[in-house]
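Asker: Would you be able to build a 3D model of this:
(chains A and B)
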Amino acid sequence: MPVAQKIRCRVERIIDHGGRVYSVDLTPERRVPLFQPGQFLHLALDAYDPSGFWPESRVFSIASAPSQRERLRITYSVQRRFTARMEQELAEGKSVWIKLPYGEFIIEATSDVVMFAGGTGISAFTAFLDGLTPAFPHVVYLAYGARDGDLLIYRDLVQRRAAMVSQLKPFYFVEQDLDQESTARGVMVGRLSVAAMWQCIENPMAATYYISGPPPMLRAISRDLSEHGIHASAIRTDAWE
Amino acid sequence: MNSTRDQILQLVRKYYEERHAIKTFDPSHDLVHYAGRVFDNEELVNLVDASLDFFLTANRYADQFESDFAEYFGVSDALLVNSGSSANLVALTALTSPTLGGRRLKPGDEVITVAAGFPSTVAPIVQNQLVPVFVDVNLGDYTAIPERLAQAMGPKTRAIMMAHTLGVPFNLDAVMELVRKHDLWLIEDNCDALGSRYRGQLTGTFGHLATVSFYPAHHITMGEGGCVITNDETLARVARSIRDWGRDCYCAGGESNTCGKRFGQQFGTLPFGYDHKYVYSHIGYNLKVTDMQAAVGCAQFAKLERFIAQRKTNFQKLTALMAPYQDRVTLPHATEHSDPSWFGFVIGVRDSAGFTRNDLVRYLEAQRIESRNLFAGNLLRHPAFENIPHRVVGDLTNTDMITNNTFFIGLYPGIGDAQLDSIQRVFAKFMQGERA
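Answerer: Predicted structure coming up:
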């Protein structure tokens, strides 16, 4: 992985998606190092003195494309203490520190790709999707689920890309059909599951599976894939604590 | 001046002026060194600045150096280590990692190299139970004879590890052709060649891994220090592990949970969630630098281009002033397509010269002109290497000639016109028959 760098950023914009889910745009004080789609950054809220220790931080997928090294986006949902602090303390104009890039959750162009994205877990895939072109040599299936339709926050990006790249096959899932119109909009009602996707995948035994989302979802999807006969080496998870 | 720290650093600048600022050269008293530290107040300021942090282990200066150095080479990773020799050890050992699967080097595999050079290019090959295959070198550029490299290929040949001798790039056209044809690993020992180019491209960026030394005799210094560079992120991770005790975790010292899953992974038969910081995936070492070393390196790195230019200028001047003696000595030259960032000025004494290398060197030393042999000469003649498992392709005639006839003098940036005048005068006297 490239040499990680610690860089001060200004919070440029905060988007409140509702349901305590937010996207944050960061402007680094200098161009960030090269990173790959699927990699992540550490974000610290407390001031960092470069002559001392790195403060408490949490990891977030870099949701923006690697071509945009002057502006980064992360997306998070409030889960525990640190993200609750983010919700309370982040404001436009505030300084935060990040260090990046990290991670090996890199999608390989060696087989058909099946991506399971739960909630803000989609942010591990958005940089890849943003850069996806018709030249990609395999089919890319995306199973994207959220609590309700409003929280499919990257659906527009996916739809735009699918319109340009015929190999991209998106499938949407919501747990709650709040507006009773999900089915009409091509959204399946129910939890993301292997069973729901299995018939949609042309050659499921030859694909590589990438899973990003909350830990219970990672465990459930991984277990179900194993039960469907998928070898462990073909199952990649973006597992954080 | 607004803080105690600022006052300290200001005093350091003053101290530099009092203690270290450049003095005039007195040929009747001062040595013309073969190499040495060239620095100004910035190195001292950085060093004290890092010491005031008292972080001690690698921190902000190491981060800065690794980042800037990787960018200079245009590669993904630069890993600071505590010496160029350690860099060689880390680089070669990385290629034995199980992470590399079937491509890993295994005991008994062969690595092509040369015997004329510094021992720590070859030592890691032996230390990893691999077999060095020695080829002879050209005289004049002192790099491997390309035809011999091809002849050295055998069924167990898996890698090439060689130095760009004293700054002169080896024939990378020939080497890269072999690497591609036989799917070999290539480690460029770039310890003496920082800033050298081949067909316009920096040496150190051709191979899978490359190494750099920051010992005081080198292009830039940290005192002790070295670096492994690579553009392969898998190799970088392995090399980092080998440098850092063999651990699987890649967090820097003083950091935790950089991967975000410190207690959430399964490794071998360890209990699930065993602290990733203490999971070991390699048999490793601790070869890290301190932030004080890196701090000096940062100030030195800012001077690199000037240092390289000065070395090239000195090479041209030395070539001109030695030209009248070419009937008795051989002078160094670059390999085709290369633009060396010269380390030293290599002189070979011809058999017909009427004097020996030792006659000349003894005289130079008596006249305060330092010199050094081309390091070990023929390594296989040294007690430690006499009985190592190895293979020699053809003969090592030129390597033996180097052992007997060759030495180098300095051209580092600490040598200016006054020192060059001294060198010219001393050589002239010797060539006119004066002896020690």
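Asker: use CA for all of it now, contacts and neighbours both
Answerer: OK.
Asker: Tell me where chain B has helices.
Answerer: B:4-19, B:41-53, B:60-73, B:84-94, B:119-127, B:146-152, B:172-182, B:233-243, B:291-301, B:304-322, B:357-366, B:397-405, B:417-431 (DSSP state H).
Asker: can the third one be found next to chain A?
Answerer: Yes: where contact is defined by CA under 8 Å from any CA of the partner chain, part of helix B:60-73 touches chain A, namely B:60, B:63, B:66, B:67, B:70.
Asker: re the thing from before, could I get the helices of chain B as JSON lines with mean neighbour count and mean pLDDT?
Answerer: JSON lines is the format used below for these (neighbours: other CA atoms under 10 Å in any protein chain shown; pLDDT from 0 to 100):
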{"stretch": "helix B:4-19", "mean neighbour count": "14", "mean pLDDT": "96"}
{"stretch": "helix B:41-53", "mean neighbour count": "20", "mean pLDDT": "97"}
{"stretch": "helix B:60-73", "mean neighbour count": "21", "mean pLDDT": "95"}
{"stretch": "helix B:84-94", "mean neighbour count": "28", "mean pLDDT": "98"}
{"stretch": "helix B:119-127", "mean neighbour count": "21", "mean pLDDT": "98"}
{"stretch": "helix B:146-152", "mean neighbour count": "16", "mean pLDDT": "97"}
{"stretch": "helix B:172-182", "mean neighbour count": "16", "mean pLDDT": "98"}
{"stretch": "helix B:233-243", "mean neighbour count": "24", "mean pLDDT": "95"}
{"stretch": "helix B:291-301", "mean neighbour count": "26", "mean pLDDT": "98"}
{"stretch": "helix B:304-322", "mean neighbour count": "18", "mean pLDDT": "98"}
{"stretch": "helix B:357-366", "mean neighbour count": "17", "mean pLDDT": "97"}
{"stretch": "helix B:397-405", "mean neighbour count": "20", "mean pLDDT": "97"}
{"stretch": "helix B:417-431", "mean neighbour count": "16", "mean pLDDT": "97"}
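Asker: Tabulate those helices (a markdown table), appending distance to residue B:106.
Answerer: As requested, these are exported to a markdown table (distance: least, CA to CA, whole Å):
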| stretch | distance to residue B:106 |
| --- | --- |
| helix B:4-19 | 51 |
| helix B:41-53 | 41 |
| helix B:60-73 | 29 |
| helix B:84-94 | 10 |
| helix B:119-127 | 11 |
| helix B:146-152 | 18 |
| helix B:172-182 | 17 |
| helix B:233-243 | 16 |
| helix B:291-301 | 34 |
| helix B:304-322 | 38 |
| helix B:357-366 | 41 |
| helix B:397-405 | 28 |
| helix B:417-431 | 49 |
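Asker: and of those, who's closest to residue A:146?
Answerer: Closest approach to residue A:146 among the helices of chain B (CA to CA): helix B:233-243, 33.6 Å.
Asker: Which residue, other than its chain neighbours, is closest to the residue sitting nearest the centre point of chain B?
Answerer: What sits nearest the mean C-alpha location of chain B, by CA atoms, centre = their mean, is residue B:191, with 1.2 Å. Of all residues not flanking residue B:191 in the chain, residue B:212 sits nearest, at 3.9 Å (CA to CA, 6 or more residues apart in numbering or on different chains).
Asker: Run a quick neighbour tally on the closest residue to residue B:131 other than its chain neighbours.
Answerer: Closest residue in space to residue B:131, ignoring its immediate chain neighbours: residue B:110 at 4.6 Å, by CA to CA, 6+ apart. Number of residues near residue B:110 (other CA atoms under 10 Å in any protein chain shown) recorded here: 25.
Asker: do residue A:163 as well
Answerer: Counted with other CA under 10 Å, residue A:163 comes out at 11.
Asker: SS state for it?
Answerer: helix (DSSP: H, G, I helix; E, B strand; the rest coil).
Asker: Which pLDDT does the model give it?
Answerer: Listed pLDDT for residue A:163 reads 96.
Asker: distance of it from chain B?
Answerer: 34 Å (CA to the nearest CA, to the nearest Å).
Asker: which residues touch that residue?
Answerer: With contact set as CA atoms under 8 Å, 6 or more residues apart in numbering or on different chains, residue A:163 has no partners.
Asker: next one: the longest strand along chain B to chain centre, how far?
Answerer: Ordering each strand of chain B by length in residues (DSSP state E) puts strand B:157-163 first. Using CA atoms, centre = their mean, to the nearest Å, the distance from the centre of strand B:157-163 to the centre of the chain it belongs to is 16 Å.
Asker: Run through the neighbouring helices and strands of it.
Answerer: Judged by 3 or more CA pairs under 8 Å, 6 or more residues apart in numbering or on different chains; DSSP states H and E, strand B:157-163 is in contact with strand B:110-114, helix B:119-127, strand B:185-189.
Asker: where does residue A:59 land in three-state SS?
Answerer: Once three-state DSSP is applied, residue A:59 turns out strand.
Asker: one step back: out of the helices and strands packed on strand B:157-163, which comes closest to residue B:352?
Answerer: Using CA to CA, these put strand B:110-114 closest to residue B:352, at 26.5 Å.
Asker: Run the angle between the closest one and strand B:157-163 for me.
Answerer: 20 degrees (axes from the mean of the first three to the mean of the last three CA atoms, to 10 degrees).
Asker: what comes into contact with strand B:110-114?
Answerer: Contacts of strand B:110-114 (CA under 8 Å, 6+ apart): B:122, B:125, B:130-137, B:144, B:149, B:152, B:156-162.
Asker: Write out the residues of the stretch 1-150 of chain B neighbouring chain A.
Answerer: Residues of the stretch 1-150 of chain B lying near chain A (CA under 8 Å from any CA): B:50, B:53, B:55, B:59, B:60, B:63, B:66, B:67, B:70, B:76, B:77, B:78.
Asker: from the residues you listed, which two are the most distant?
Answerer: B:53 and B:76, at 27.8 Å, using CA to CA across the residues of the stretch 1-150 of chain B next to chain A.
Asker: circling back: show me what the residue nearest to residue B:191 bridges to in the sheet.
Answerer: In this entry, residue B:212 is beta-bridged to residue B:227, by DSSP bridges.
Asker: Next up, the contacts around residue B:186.
Answerer: With CA under 8 Å, 6+ apart, residue B:186 has these contacts: B:159, B:160, B:161, B:179, B:207, B:208, B:209.
Asker: what pLDDT does it get?
Answerer: 98.
Asker: How many neighbouring residues does residue 201 have?
Answerer: As the question left the chain open, I've gone with chain A. Residue A:201, neighbours per other CA under 10 Å, totals 17.
Asker: To clarify, I was referring to chain B.
Answerer: Going by other CA under 10 Å, the residues that sit close to residue B:201 add up to 14.
Asker: Now do the same contact list for residue A:226.
Answerer: residue A:232.
Asker: part of a strand, is it?
Answerer: No: counting by three-state DSSP, residue A:226 is not part of a strand but helix.
Asker: gap between it and residue A:144?
Answerer: 20 Å (CA to CA, to the nearest Å).
Asker: for residue B:241, same thing?
Answerer: 36 Å.
Asker: what's the neighbour count on residue B:334?
Answerer: So residue B:334, with other CA under 10 Å, has 18 neighbours.
Asker: Is it correct that residue B:152 is in contact with residue B:135?
Answerer: Yes: using CA atoms under 8 Å, residue B:152 is in contact with residue B:135, at 7.3 Å.
Asker: what's the following helix or strand after the lowest-mean-pLDDT helix or strand in chain A?
Answerer: Scoring the helices and strands of chain A by mean pLDDT, DSSP states H and E places strand A:187-189 at the bottom, with a mean of 88. Counting by DSSP states H and E, the next helix or strand C-terminal to strand A:187-189 is helix A:194-198.
Asker: outside of the following helix or strand past that next one, which residues touch it?
Answerer: Going down the chain from helix A:194-198, the next helix or strand is strand A:208-212, by DSSP H and E. Contact partners of strand A:208-212, identified using CA under 8 Å, 6+ apart, comprise A:107, A:111-118, A:121-122, A:124, A:218, A:221-222, A:234-239.
Asker: what are the pairing partners of strand A:208-212, and which direction each?
Answerer: Partners of strand A:208-212 in its sheet, by DSSP bridges: strand A:113-118 (parallel), strand A:235-237 (parallel).
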